[in-house]
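> Please work out how this folds:
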Amino acid sequence: MAGDTRPRTGRGDPRRGPGAGRAGGARPPLGVRKARRAEPRGDDPSRVACAHFPDCVGCPLVGTTYGEQLRGKDAALRAALAAHPRIAPVEPEKIFGSPLPFGYRNHAKLVLRKRRGRDGRAEVVLGVYRPGTHSVLPAERCRVHDRRLLPFLVALRARIEESGIPIFDERSREGALRYALARISTESGAIHLTLVSAIADPAGLDRLVERLRRDEPRLEAAFLCVNPTPGNSILSSDVRRIFGPRALLDRFGRLVLESRPDAFVQANPGVATRIYADAERWLDPRPHDVVVDLFGGVGGFGLALAPRVAAVLGIETSAAAVDCANGNAKRAHQGHVRYLAAPAESAAALVREHGLAPEEGGRLLVVANPPRSGLSVGARDAIAALAPSSLLYLSCNPVTLARDLDALAEGGLSLRRIRPFDMLPQTPHVEVLALLDRDAAASSGAEAGPATGA
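Model (predicted):
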């Protein structure tokens, strides 16, 4: 199972159902075949003893050797680049494989469903949607989750079943509990649970949470998200704290980042840490540089670069993520970092409004991490108006990335480096980091910093 928890369309959007916009139903990339039924072998990186193998749709590449998975993802990126002659000549660097092919995922997003068991009795299922349907396959023992989450998820399903709290029925629109989201700090082991309910005060919820707290001492916080809307969206804006701190803290290399149930954070800390390190190395920021962090989430990129630059302005549509990003900046004592809740399309106007043109000798650097749909025309126009010296672009979709790189090249930003990262092993998804620099011809006669036209 794979995907991020960013509250935006695409990229494993938490407002969409488990299995949507991620591995379930996705076509494996070139060179990767879906695994045949095989004998799982312990924790060998090529196969895993998973209780749901081979029936679960969340990890379609389980049973394929990890080397073959990486070669297939590399081939998918190369095929996307080859469709655009302007960028095709740039050779991708070696793919960075996940330090943990299994057990890497720091959060679980699972749907709750009631069904008849083999013995004829009603039972609660905690799992993922079968692609193209609303039937649910069990996945509470999924081995891509952090191993410390698995006992909690197994106990969670059993306790919900014991509680008697009605499970939501999509056909009748009756019942309460719809989804369960569990997150773990890979550093501290603390767990945060979010239960999504169609009604505001399901009977028995307090007893359920107290029982879970007795079962699991690492359960640090619990939340109730009230979402009565039809469809397969998971979260609404109505997230209520039941107990514990609002934010979960985790470490990504030297960064300590907080996140909330409705604020995006990368699913694979080991790979995200390497991406942040490569971002700093590739951009090589200088003391007078200014960074504009588009689609900034909880501030990972901006804070990775902050110690070496004059200012960081982050732009993100999620108010919850912006709160986390500013909290992360304060915790890191980076007073020159500020995140705003605004669309990426407004970037040039906001930079002008805040007077963030670099001083003499400084550069304007832009970082962008858009959803799977890539950059809108308006976002590309905003980047063109900013006229950055360099643009660092992180994408989870090679096809929309290649489209955007081609369009940006037409505007004078040429692709210099590109590297795939395996953020979500056992799935067809691949993350790609690209560095673009402004052509000398395009920058001659142009002042450093944002253009005056919006």
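> From here on, just use CA atoms for contacts and neighbour counts.
Noted.
> how much space between Arg286 and His84?
32 Å (C-alpha to C-alpha, to the nearest Å).
> again, but for Gly103
36 Å.
> Who has more neighbours out of those two?
Gly103 (19 against 15; other C-alpha atoms under 10 Å).
> List the residues that contact that one.
Residues counted as contacts of Gly103 (C-alpha atoms under 8 Å, 6 or more residues apart in numbering) are 143-147.
> right, and the secondary structure at Val312 would be what?
strand (DSSP: H, G, I helix; E, B strand; the rest coil).
> Just to check, it is in contact with Val337?
Yes. Using C-alpha atoms under 8 Å, Val312 is in contact with Val337, at 4.7 Å.
> shared neighbours of these two, anything?
In contact with both Val312 and Val337: 302, 306, using C-alpha under 8 Å, 6+ apart.
> which of those two has more neighbours?
Set Val312 next to Val337 and count neighbours by other C-alpha under 10 Å: Val312 wins out with 27 against 24.
> in the sheet, who's paired with that one?
Taking DSSP bridges as the rule, Val312 bridges to Val291, Val337.
> just Leu415 next, same as before
Beta-bridge partners, per DSSP bridges, of Leu415: Leu436.
> thought it was touching Val90?
Yes. In terms of C-alpha under 8 Å, Leu415 counts as a neighbour of Val90; the distance is 7.1 Å.
> where in the stretch 301-450 of the chain is pLDDT low?
Applying pLDDT under 70 to the stretch 301-450 of the chain flags the ranges 440-450.
> residue boundaries of the helices in the stretch 201-350 of the chain?
Secondary structure of the stretch 201-350 of the chain (DSSP state H, counting those that start in this stretch): helices located at 205-215, 269-283, 300-305, 319-331, 347-353.
> ok, Met423 - contacts?
By C-alpha under 8 Å, 6+ apart, the neighbours of Met423 are 97-98, 267-268, 271-272, 429-431.
> hang on, it in a strand?
No. Met423 is assigned coil when assessed by three-state DSSP, not a strand.
> Around the residue nearest to Ser185 when sequence neighbours are not counted, how many other residues sit close by?
Distance criterion C-alpha to C-alpha, 6 or more residues apart in numbering; nearest residue to Ser185, sequence neighbours excluded, is Asp250 at 5.0 Å. Neighbour count of Asp250, defined by other C-alpha under 10 Å: 21.
> With the one 4 residues further on instead?
As a burial measure, Arg254 scores 11 neighbours (other C-alpha under 10 Å).
> roughly how far apart are it and Arg274?
11 Å.
> before we move on, the earlier item: between Leu415 and Val90, which is the more surrounded one?
Leu415 (24 against 16).
> On the three-state scheme, Cys50 is what?
Per three-state DSSP, Cys50 ends up coil.
> who's in contact with the residue nearest to it when sequence neighbours are not counted?
Ranked by C-alpha to C-alpha, 6+ apart and with sequence neighbours excluded, the top spatial neighbour of Cys50 is Arg143, at 6.0 Å. By C-alpha under 8 Å, 6+ apart, Arg143 lies in contact with 48, 50, 102-103, 150.
> Of these, which one scores lowest on pLDDT?
In terms of pLDDT, the lowest of the contacts of Arg143 is Val48, showing 60.
> Can I get the longest helix anywhere in the chain in CSV? Just the C-alpha atoms.
Longest helix in the chain by number of residues (criterion: DSSP state H): helix 66-82. What follows is helix 66-82 as a C-alpha-only set of coordinates in CSV (Å, rounded to 0.1, in the frame of the first residue of the first chain):
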residue,chain,number,x,y,z
TYR,A,66,13.6,-5.5,-5.7
GLY,A,67,16.3,-5.0,-8.3
GLU,A,68,13.7,-5.7,-11.0
GLN,A,69,11.3,-3.2,-9.4
LEU,A,70,14.0,-0.5,-9.5
ARG,A,71,14.9,-1.2,-13.1
GLY,A,72,11.3,-0.9,-14.0
LYS,A,73,10.9,2.4,-12.3
ASP,A,74,14.0,3.7,-14.0
ALA,A,75,12.6,2.6,-17.4
ALA,A,76,9.3,4.3,-16.7
LEU,A,77,11.1,7.6,-16.1
ARG,A,78,13.3,7.2,-19.2
ALA,A,79,10.2,6.5,-21.3
ALA,A,80,8.5,9.7,-20.0
LEU,A,81,11.5,11.8,-20.8
ALA,A,82,12.0,10.3,-24.3
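> can you list the residues that contact the next helix or strand after that helix?
Past helix 66-82, further along toward the C-terminus, the next helix or strand under DSSP states H and E is strand 107-116. Residues outside strand 107-116 that contact it (C-alpha under 8 Å, 6+ apart) are 14, 17-18, 122-129, 136, 139-140, 145-146, 167-169, 177-184, 267.
> Just the endpoints, please. Distance across stretch 248-265?
10 Å.
> Check which residues of that stretch are buried.
248-252, 255-265 (16 or more other C-alpha atoms under 10 Å).
> Quick one: mean pLDDT for it?
Per-residue scores along stretch 248-265 average to 94.
> same deal with stretch 129-148?
Rounded mean pLDDT across stretch 129-148 is 89.
> mind starting the numbering at 21 from now?
In the new numbering, first residue 21, that becomes stretch 149-168.
> Dump the C-alpha coordinates for that stretch into CSV.
What follows is stretch 149-168, C-alpha atoms only, in CSV (Å, rounded to 0.1, in the frame of the first residue of the first chain):
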residue,chain,number,x,y,z
TYR,A,149,-10.6,-1.0,-1.7
ARG,A,150,-10.4,-3.5,-4.5
PRO,A,151,-9.7,-1.4,-7.7
GLY,A,152,-12.8,-0.1,-9.4
THR,A,153,-15.1,-1.4,-6.6
HIS,A,154,-16.2,-0.7,-3.1
SER,A,155,-15.4,-4.2,-1.8
VAL,A,156,-12.7,-4.2,0.8
LEU,A,157,-9.7,-6.5,1.1
PRO,A,158,-8.1,-7.0,4.6
ALA,A,159,-4.8,-5.1,5.0
GLU,A,160,-4.3,-4.6,8.7
ARG,A,161,-1.2,-6.8,8.6
CYS,A,162,0.3,-5.1,5.5
ARG,A,163,4.1,-5.5,5.7
VAL,A,164,5.0,-2.2,4.0
HIS,A,165,3.9,-0.5,7.2
ASP,A,166,6.4,0.2,10.0
ARG,A,167,6.6,-3.1,11.9
ARG,A,168,5.6,-1.3,15.1
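> Pull out the buried positions in that stretch.
149-151, 156-168.
> Looking at those residues, which one is closest to Ile254?
Using C-alpha to C-alpha, Tyr149 comes nearest to Ile254 of the buried residues of stretch 149-168, at 12.6 Å.
> Just the contacts of strand 127-136: which are in strands?
Among the contacts of strand 127-136, DSSP state E puts 142-149, 156, 197-204 in strands.
> which among the residues you listed end up buried?
Of these, these count as buried by 16+ other C-alpha under 10 Å: 143-149, 156, 197-204.
> Minimum pLDDT in these, which residue is that?
Tyr149 (87).
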